[in-house]
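Q: I would like the atomic coordinates for the input below:
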Amino acid sequence: ACGLAIAYGMRMPALPCTLRPVARLFVLRGGELDDALPPAEPPSDMRLLEDGQDLAEVLEEAGSRLVLVDFFAEWCGPCKKIGPILQQLATKHRPKPGDDSSGVLFCKVDVDKSRELAQEHGVTSMPTILFFRNGQRVSTIVGADVSALKAILKRQAMPALLRALSGERVVGALVAAYLAWSYLESRGDRAAMA
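A: All right, here's what the predicted structure looks like:
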């Protein structure tokens with residue numbers, strides 16, 4: 001009945017969410033709906049930043065949480081490629097309500113509309129993704145490198161103690177200590193180990 005009412009140009013009440021894509025098709029064919037349809041895009045988990053003040057507010061709000069800032073341009077092919085991936089990651093790493101230390105804050109900056117902010121952070125290629133923690137830049141990716149993006153998110157989303165223990169210097173020191181201990185043990189030099 002809904003389809004027939006629209007097909008004959010009759011007005012009908014607003015449709016539930018599941019029928020909105022179908023309703024758009026009917027509207028294009030001449031039907032009308034009582035209420036305007038909301039945008040097709042779901043609400044984004046990424047905040048749009050317009051200037052340095054917006055970024056400063058996000059960094060202050062984040063505290064020790066990781067903040068990812070995607071500098072993009074509407075005309076940029078690689079930006080369009082990585083955009084949906086960033087949206088999926090933003091949904092996956094969304095901060096939990098009431099927990100000020102969980103999750104990652106995802107933001108984006110349109111470089112054509114926010115040239116000053118892009119220049120402040122030395123952005124010369126798109127996409128450029130900057131990572132901040134405690135107000136300081138901790139990492140940068142230039143280009144649509146999805147594997148690097150996931151690796152940085154995995155490492156930076158770890159608790160601070162695990163990040164420190166998984167660092168290259170710590171791992172190197174542990175390997176050196178183990179090798180020295182193994183060497184001394186193989187010689188039977190128990191006095192040197194004590």
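Q: Could you give the number of residues near the closest residue to D51 other than its chain neighbours?
A: In this structure, D51 finds its nearest non-sequential neighbour in L117, 5.7 Å apart by C-beta to C-beta, 6 or more residues apart in numbering. For glycine as for every other residue, the C-beta is placed from the backbone atoms N, C-alpha and C. The local packing of L117 (other C-beta atoms under 10 Å) involves 21 other residues.
Q: With the one 5 residues further on instead?
A: One way to gauge burial is a neighbour count; for G122, by other C-beta under 10 Å, it gives 11.
Q: Low-confidence bits of this structure, can you list those?
A: 1-44, 99-101, 157-170, 189-194 (pLDDT under 70).
Q: what about V109, which SS state?
A: strand (DSSP: H, G, I helix; E, B strand; the rest coil).
Q: can you give me the strands in this structure?
A: 11-12, 32-33, 46-48, 66-72, 104-110, 128-133, 136-142 (DSSP state E).
Q: could you dump those to TSV with distance to V171 and mean neighbour count?
A: Below are these laid out as TSV (distance: least, C-beta to C-beta, whole Å; neighbours: other C-beta atoms under 10 Å):
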stretch	distance to V171	mean neighbour count
strand 11-12	65	14
strand 32-33	61	14
strand 46-48	33	16
strand 66-72	22	24
strand 104-110	24	22
strand 128-133	21	21
strand 136-142	18	15
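Q: do you know how far L174 is from P84?
A: Going from L174 to P84 by C-beta to C-beta, to the nearest Å gives 39 Å.
Q: quick one: the nearest residue to V138 once chain neighbours are set aside and V175, what's the gap?
A: Excluding the flanking residues, the one nearest V138 by C-beta to C-beta, 6+ apart is F131, at 5.1 Å. Per C-beta to C-beta, F131 is found 27 Å from V175.
Q: which helices and strands does the biggest helix by length in the chain pack with?
A: Ranked by residue count and defined by DSSP state H, the top helix of the chain is helix 168-187. Here helix 168-187 touches helix 190-193, going by 3 or more C-beta pairs under 8 Å, 6 or more residues apart in numbering; DSSP states H and E.
Q: The closest residue to L48 other than its chain neighbours pairs with what?
A: Distances taken as C-beta to C-beta, 6+ apart put K108 closest to L48, at 5.8 Å, once the chain neighbours are dropped. Listed by DSSP bridges, the beta-bridge partners for K108 are L48, D70.
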